[in-house]
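J.: need a 3D model of the following:
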Amino acid sequence: MTRWIGVVAAIAALNTAVPASAQSLPEEPQAPGFAAPNLRLPPRNAHGDYLTPNRDLAGHDAFWNLRIALNVAAIGCRGPASYQLIADYNRIIARHSPLIRSAETAVIARLGRETGTNGISTRDKVSTRLFNYFAQPPAQREFCRVAGSIAQQAGAMEAAPLLSMAPAMLAQLDQPFVDFYHAYERYEVELVAYRSARDFRERGQGGTMLAAAKP
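T.: Numbers count the residues shown, from 1 in each chain. Here you go, the predicted structure:
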């Protein structure tokens, strides 16, 4: 209901601000970050939060996702800070290899219990989905900035505090994608309003066709 109220208000604003003969539509709204059209956003929970693969994780599960996120950043982020990010990620691998191994063992065991398998194949599939999630182009600029800060912090921490802080760090790495989803949802509302206003103007009022800018 809120979305359609917004659409109606947008149409009214477009069609009452100036006389019909003088109106012209702006350019059609563009998806944020040059995202693909008709993107499927994650579902929301009862509180309206997007159910990303990084929500409500703790312990080894959170650290495993954190490690994959930083791996994606070290591979894909480019810019003046990328060399430092790579160095910090390599420091994490060298310093926290026991924690990485224990997290992997815990994740495989959990997935094995959930699927009735040895968990390894499922781990591989989950890891691939996480790689693709953290590599989403529209959110990369902010993700890389956050990843640089997180990698620097994680590389300087002991294992126990790092494991404890993993959920909070993961939430920070997830936020650029959540922000992108919110921006995309706003774009969808604006696009519906734009196209509804354009169609209304093209039909005209009282049988008179009005000029309208093409998208």
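
J.: next helix or strand past the least confident helix or strand in the chain by mean pLDDT?
T.: The weakest-scoring helix or strand in the chain, judged by mean pLDDT, DSSP states H and E, is helix 2-16 (a mean of 45). Sequence-wise, the next helix or strand downstream of helix 2-16 (DSSP states H and E) is helix 59-76.

J.: which residues sit against that following helix?
T.: Residues from elsewhere that reach helix 59-76, judged by CB atoms under 8 Å, 6 or more residues apart in numbering: 53-54, 57, 85-86, 89-90, 92, 99-100, 102-104, 106-107, 110, 127, 130-131, 134-135, 140, 143-144, 147-148, 150-151, 154, 162-163, 166-167, 169-170, 173. For every residue, glycine as well, the C-beta is placed using N, CA and C.

J.: tally of neighbours for Pro98?
T.: 9 (other CB atoms under 10 Å).

J.: spatially nearest residue to Gly119, not counting backbone neighbours?
T.: Once flanking residues are discounted, Gly119 sits nearest to Gly112: 3.0 Å by CB to CB, 6 or more residues apart in numbering.

J.: so Val192 versus Arg198, what's the distance?
T.: Separation of Val192 from Arg198 (CB to CB, to the nearest Å): 11 Å.

J.: other SSEs contacting the helix ranked longest in the chain?
T.: With secondary structure taken from DSSP state H, the chain has its longest helix at helix 159-203. Packing partners of helix 159-203 (3 or more CB pairs under 8 Å, 6 or more residues apart in numbering; DSSP states H and E): helix 2-16, helix 59-76, helix 97-115, helix 120-134, helix 140-155.
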